[in-house]
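Asker: fold the following and give me the result.
(one chain, ligands or ions: 3)
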Amino acid sequence: MSTTLLSGGVVISATGRRAADVLIDGESIAAILAPGQAASLGVVPDTTIDATDKYVVPGGVDVHTHMSLPTSGTESSDTFETGTIAAAWGGVTTIVDFATQTAGLSVHDGLAEWHEKAAGNCAIDYGFHQVIGGVDEESLKAMTYLVDNEGITSFKLFMAYPGVLYSDDGQILRAMQNASESGALIMMHAENGIAIDVLVQQAIARGDTDPRFHSTTRPVELEAEATHRAIQLAKVAGNVPLYIVHMSASEALAEVAAAQNAGLNVFAETCPQYLYLSLEDHLAQPGFDGAKFVCSTPLRTKHEHHQNDLWKGLRMNQLAVVSTDHCPFCFKDQKELGVGDFSKIPNGIGGVEHRMELIYQGVVAGELSLERWVETCSTTPARLFGLEKKGVLEPGADADVLIWDPNGTTTIGVNDKHHMNMDYSAYEGFVVDGKVDTVLSRGTVIVENDSFVGRVGHGKYIKRSLSNYLR
Ligand code: DUC
Ligand code: ZN
Ligand code: ZN
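Answerer: Numbering: from 1, shown residues only. Ligands and ions are numbered 1, 2, ... in the order given. Okay, here's the model as predicted:
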């Protein structure tokens, strides 16, 4: 097995930073050494990578992506191949995607379909959550089987999208009880979909069809109400660990904070779009351009301070994770499906490539510490979702490493840094400090010198254990 020394950098973990060299043996971290210590120990690495003036951090872990997701009469535009290459460009070394079961279909078939899409096509390692779109006897049985046999220890339920992926409160309670028994974690799309559908129909009937009405028909109250209800159901189901996905609103965050103060096992994530993009500046752009920013939960108004509150929630650990909810569509022919009717615009924004960059900008802006950047983008997502060897640089961990240049800059945009399979960027023109320098996946360099040098098929399926937080 070959050895690699990452020398001269500053190693950042969730708990601190220090000048150190990282010794890699094959696919794993062998040691974290004092600067120059390798030579004094007589270690002669096969390869040395100079990380002087750079940060050396665990590779990013994005626990919320949707590659090749069939939805709204189309399919999200990144395949596992294009999406994981783009992720690598962004310093991400593991994704967890959502295998999806829709009502009436078998969970096992849904999972098999996702394995087929991903196997042999990934540039980085990957795992799956399972969406349960139809809670019934069969799917409940399958949930237990997946935990015991397939390395799938988290299940996403929807309080939105009646008739598509929606679960009613009784179904949610049953799925939560099942997870409580198996030790699994429930992820929740917390929006009151029954009420939202009424508002959507009323808006369309009034002729309010522009993209901006996507946000006004999904008001913060209906995100907060569903978040509250999900928390109560989780409590009744034996305090099952509950993880609220794609949180966008201050009022929903307050529900999570209150639950945490009450000692409940409630976690939440937000995504870069909710920290940087808004109804006024993006979704409400004139004409149909706002369609680029249609996602659910929706972008919120900037005057209501949601963005400030979300950054604060990240600092205070009310929000444990930043993921992307990477669900890309091209503007042409995909977003355009909703011309004249915002409810037909495919829901999603692509961002898997830019999370490390955008959240590092939060460090530069004084919103977060460097350690918290690492913690929310790598260490906690790995621990929370049972990725035992990911998210840390310590002996025995997978040698998934991002070497980050704090003196570089990154310009995001379709003609600048952009490798996702989308004909636009939601972050077009953003110039951020810092730059991905080198990326290693299990000891293999996959990005260096502004080139992807990895291999499609290198990425392996990771069977996940139960959440490390609550064992
Ligand atoms: N929820 C997601 O998590 N992703 C895309 C759309 C949605 O509603
Ligand atoms: Zn969702
Ligand atoms: Zn999603």
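Asker: for the protein, which residues are neighbours of ligand 1?
Answerer: Residues of the chain lying close to ligand 1 by C-beta under 6 Å from any ligand atom are His66, His189, Val245, His246, Ser296, Asp325, Cys327, Asn347, Gly348. Backbone N, C-alpha and C define where each C-beta goes, glycine included.
Asker: what do you get if the cut-off is 8 Å, keeping everything else the same?
Answerer: 64, 66, 69, 71, 98, 156, 158, 160-161, 189, 245-246, 295-297, 325, 327, 347-348 (C-beta under 8 Å from any ligand atom).
Asker: smallest gap between the stretch 51-200 of the chain and ligand 1, at which residue?
Answerer: Nearest to ligand 1, among the residues of the stretch 51-200 of the chain, is His189, at 5.3 Å (C-beta to the nearest ligand atom).
Asker: what is the burial count for the residue nearest to that residue when sequence neighbours are not counted?
Answerer: Distances taken as C-beta to C-beta, 6 or more residues apart in numbering place Phe158 nearest to His189, at 4.5 Å, with adjacent residues excluded. Counted with other C-beta atoms under 10 Å, residues neighbouring Phe158 total 23.
Asker: residues contacting Phe158?
Answerer: Val131, Gly133, Val164, Leu165, Tyr166, Ser167, Met188, His189, Gly193 (C-beta atoms under 8 Å, 6 or more residues apart in numbering).
Asker: mind checking how far the closest residue to ligand 1 within the stretch 351-471 of the chain is from Ile204?
Answerer: Residue nearest to ligand 1 within the stretch 351-471 of the chain (C-beta to the nearest ligand atom): Gly351, separated by 11.5 Å. For Gly351, the distance to Ile204 (C-beta to C-beta, to the nearest Å) stands at 28 Å.
Asker: between these two, which has more neighbouring residues?
Answerer: Gly351 (31 against 17).
Asker: can I take it that that one is in a helix?
Answerer: No. Under the criterion used here (DSSP: H, G, I helix; E, B strand; the rest coil), Gly351 is coil, not part of a helix.
Asker: look up phi and psi at the closest residue in space to it that isn't next to it in sequence.
Answerer: Sequence neighbours aside, Thr324 is the residue nearest to Gly351 in space, at 4.1 Å (criterion: C-beta to C-beta, 6+ apart). When quoted as degrees, to the nearest 10, the phi and psi of Thr324 stand at phi -110, psi -20.
Asker: neighbours around Thr324, how many?
Answerer: Thr324 - counted by other C-beta under 10 Å - has 30 other residues nearby.
Asker: quick one: contacts for it?
Answerer: Thr324 neighbours (C-beta under 8 Å, 6+ apart): Asp62, His64, Thr65, Cys271, Pro272, Gly350, Gly351, Val352, His354, Arg355.
Asker: any idea how far the first one is from Gly443?
Answerer: Put plainly, it is Asp62. Noted for Asp62: a distance of 20 Å to Gly443, by C-beta to C-beta.
Asker: neighbour-wise, which of those two wins?
Answerer: Set Asp62 next to Gly443 and count neighbours by other C-beta under 10 Å: Asp62 wins out with 31 against 21.
Asker: would you agree that one falls within a strand?
Answerer: Yes. Membership of Asp62 in a strand is supported by three-state DSSP.
Asker: contact partners for it?
Answerer: Contact partners of Asp62, counting by C-beta under 8 Å, 6+ apart, are Ala87, Val92, Thr94, Ile95, Val96, Ser323, Thr324, His326, Val352, Arg355, Cys377, Pro381.
Asker: just the C-alpha atoms of the helix or strand where the last one lies, please, in PDB.
Answerer: This means Pro381. Using DSSP states H and E, Pro381 sits within helix 380-384. What follows is helix 380-384, C-alpha atoms only, in PDB (Å, rounded to 0.1, in the frame of the first residue of the first chain):
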ATOM      1  CA  THR A 380     -21.700  16.100  12.500                       C
ATOM      2  CA  PRO A 381     -23.400  14.900   9.400                       C
ATOM      3  CA  ALA A 382     -21.100  11.900   9.500                       C
ATOM      4  CA  ARG A 383     -21.700  11.200  13.200                       C
ATOM      5  CA  LEU A 384     -25.500  11.900  13.000                       C
END
